[in-house]
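*Asks:* Sequence plus predicted model, see below.
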Amino acid sequence: MGQEVRYRVRGGRPLSGTAFIQGAKNAVLPMIGAALLAAKGRTVLRNVPVIEDVYRSLELAEHIGAKVEFHEAERTVVIDASGLNDPELAVLPAEIAARFRGSVLFVPALMHRTGRARIEGVGGCNLGSRNLDFHYRGFARLGAEVTEDPERNHINVEASNLRGGRLYLDTPSHTGTENLIMAAVLAPGTTVIEHAALEPEVLDVIGFLSAMGAKISGGGTGLITVEGVEELTAVEHTIMSDRIDAGVFAMTVAATGGEVSLVGANLDHLGVARWKLEQMGVEFSQEGAVLHVTRDPSVPLRPINAVTSPFPGFATDLQSPLMALATLAEGESYIHEAIYDGRFALADELNKMGAKIEVEGTRAIVHGPTDLRGTEVIAHDLRTGAALVLAGLVAEGETIVAPGYLVDRGHAQFATRLAALGADVERVVVS
Ligand SMILES: CC(=O)N[C@H]1[C@@H](OP(=O)(O)OP(=O)(O)OC[C@H]2O[C@@H](n3ccc(=O)[nH]c3=O)[C@H](O)[C@@H]2O)O[C@H](CO)[C@@H](O)[C@@H]1O
Ligand SMILES: C=C(OP(=O)(O)O)C(=O)O
């Protein structure tokens, strides 16, 4: 039997001090995929979060022929993709690819560098249905042949002759936008993508690709135009800070009370989450690249209504910690999950801790305030895990959150960074 990671949390301490916000998971994963588009040279990525999804992504890059170095102490990744040209290796095997969502972001590099790709599985958080039809339909409109092998559950992509085309997304898919841009950057001619995502990570990826020599305009407007170029160059890039990590830390301070400085956090990147937290009683002040978060524990938190939507709307990835926070607010909070049809697994876990949450379809009513009690709870996905750690920090007694691997997928040194603020939390490895 392998090792299992758990988070052991004891509640009751206010937080204070400084937390360092990690580099963005949802920016580094597409950038590792984008680095593979450079046929020569070495790409250097800085401010890389030391998280499980990055390890999986680098394993996958090596598997298809790239050379990678992860200098963890320096949070720096070096990628040499000059060896990525063997069509026999153009396979994303389920044992790696099915463990994280970002594996789908390797398809454009495989299409351009080897002319083909076989996808044996794509993972990610289990949040209900998570289709990839926008990606595959877009690749097909650029000239790829995409076929499904339903018996083996594989997708085969043949892409010897990609060219620009007119593309659209039914909804502004985050990785869908990144993937279609990456498929277009080396395709001769002009590509136009309508209804593109506006997330800050998408803009960071566009900045990275542009530094590599790609010609992309319209980032942040919803209508992106890409002029295909012949080659891209390996460059150095510093990953933006992770707005979801920042949001989780801000909500944790909101829960425990206290005063914390978040180094690298950008209030503008929180979108509507900023206004919702302010309505609940959190105070923010941005001082250059440091965000101060304060919550007076003697003033009760106010309840909230929130509906998740693409940026700058309330981020679905912050919906779980918001639900945990709402259990402490004085009154009823209403949460509508409008991105995913299965992202309320947290409610039952919080109810085990004494919360009173009713779920009907994609809507939840949180009846607060409740006194949470520590117990053993299940992290069904990455943000459920983080939200349960948050709940544990205000619960009476001890809370055990497992499997911790899911938290480690997206939050680097989570326990260490919380403990530096005074929290009683440990990451425990059991065999
Ligand atoms: C690695 C990464 O960046 N992950 C983020 C990314 O996921 P991801 O890019 O997978 O999320 P999308 O924006 O694509 O998904 C949004 C919605 O569109 C649907 N859809 C998407 C693509 C498609 O081809 N067909 C389709 O129907 C999905 O099922 C979902 O309901 O954005 C999500 C929404 O902000 C975040 O929760 C994830 O943290
Ligand atoms: C849903 C998430 O990630 P992924 O898309 O990588 O599963 C997340 O980060 O909360």
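*Replies:* Structure received. Ligands and ions are numbered 1, 2, ... in the order given.
*Asks:* In contact with the closest residue to ligand 2 within the stretch 151-300 of the chain, which residues are there?
*Replies:* Per CB to the nearest ligand atom, the residue of the stretch 151-300 of the chain with the smallest distance to ligand 2 is I244, at 6.3 Å. Yep, even glycine has a C-beta here, placed from its N, CA and C like the rest. When contacts are counted by CB atoms under 8 Å, 6 or more residues apart in numbering, I244 touches 24-26, 315, 317-318, 383, 410.
*Asks:* Does it fall in a helix, a strand, or a coil region?
*Replies:* At I244 the chain is in helix, as set by DSSP: H, G, I helix; E, B strand; the rest coil.
*Asks:* do the same with P297
*Replies:* coil.
*Asks:* Quick check: closest non-adjacent residue to it.
*Replies:* Nearest residue to P297, sequence neighbours excluded (CB to CB, 6 or more residues apart in numbering): G257, at 2.7 Å.
*Asks:* I'd like to know how far the one you found sits from ligand 1.
*Replies:* 28 Å (CB to the nearest ligand atom, to the nearest Å).
*Asks:* what does Y168 give?
*Replies:* On the measure of CB to the nearest ligand atom, Y168 and ligand 1 end up 12 Å apart.
*Asks:* so who does the closest residue to that residue other than its chain neighbours touch?
*Replies:* Ranked by CB to CB, 6+ apart and with sequence neighbours excluded, the top spatial neighbour of Y168 is E194, at 4.1 Å. Applying CB under 8 Å, 6+ apart, we find E194 in contact with 166-169, 222-223.
*Asks:* Most neighbours of all those residues, which one?
*Replies:* L167 (26 neighbours; other CB atoms under 10 Å).
*Asks:* Now do the strand or helix carrying that residue: which elements does it pack against?
*Replies:* According to DSSP states H and E, L167 maps onto strand 166-168. Judged by 3 or more CB pairs under 8 Å, 6 or more residues apart in numbering; DSSP states H and E, the packing partners of strand 166-168 are helix 133-141, strand 190-194.
*Asks:* touching ligand 2 at all, the first one?
*Replies:* To tie it back to what came earlier, the one meant is helix 133-141. No. With CB under 6 Å from any ligand atom as the criterion, ligand 2 is not reached by helix 133-141; the gap is at least 13.1 Å.
*Asks:* what about D242, distance to V235?
*Replies:* 21 Å (CB to CB, to the nearest Å).
*Asks:* So those two - more neighbours on which side?
*Replies:* Counted by other CB under 10 Å, D242 and V235 do not tie: D242 has more neighbours, with 29 against 18.
*Asks:* Any residues of the stretch 51-200 of the chain in contact with ligand 1? List them.
*Replies:* So the stretch 51-200 of the chain meets ligand 1 at 101-102, 129-135, 171, 173-176 (CB under 6 Å from any ligand atom).
*Asks:* Kindly recompute the last result at 5 Å.
*Replies:* Residues of the stretch 51-200 of the chain lying close to ligand 1 (CB under 5 Å from any ligand atom) are 101-102, 130-134, 171, 173-176.
*Asks:* mean confidence score for stretch 247-265?
*Replies:* Averaging pLDDT along stretch 247-265 yields 98.
*Asks:* First-to-last residue distance for it?
*Replies:* 9 Å (CA to CA, to the nearest Å).
*Asks:* Give me the buried positions along it.
*Replies:* 247-262, 264-265 (16 or more other CB atoms under 10 Å).
*Asks:* picking that back up, for the contacts of E194, work out which two are farthest apart.
*Replies:* R166 and G222 (14.7 Å; CB to CB).
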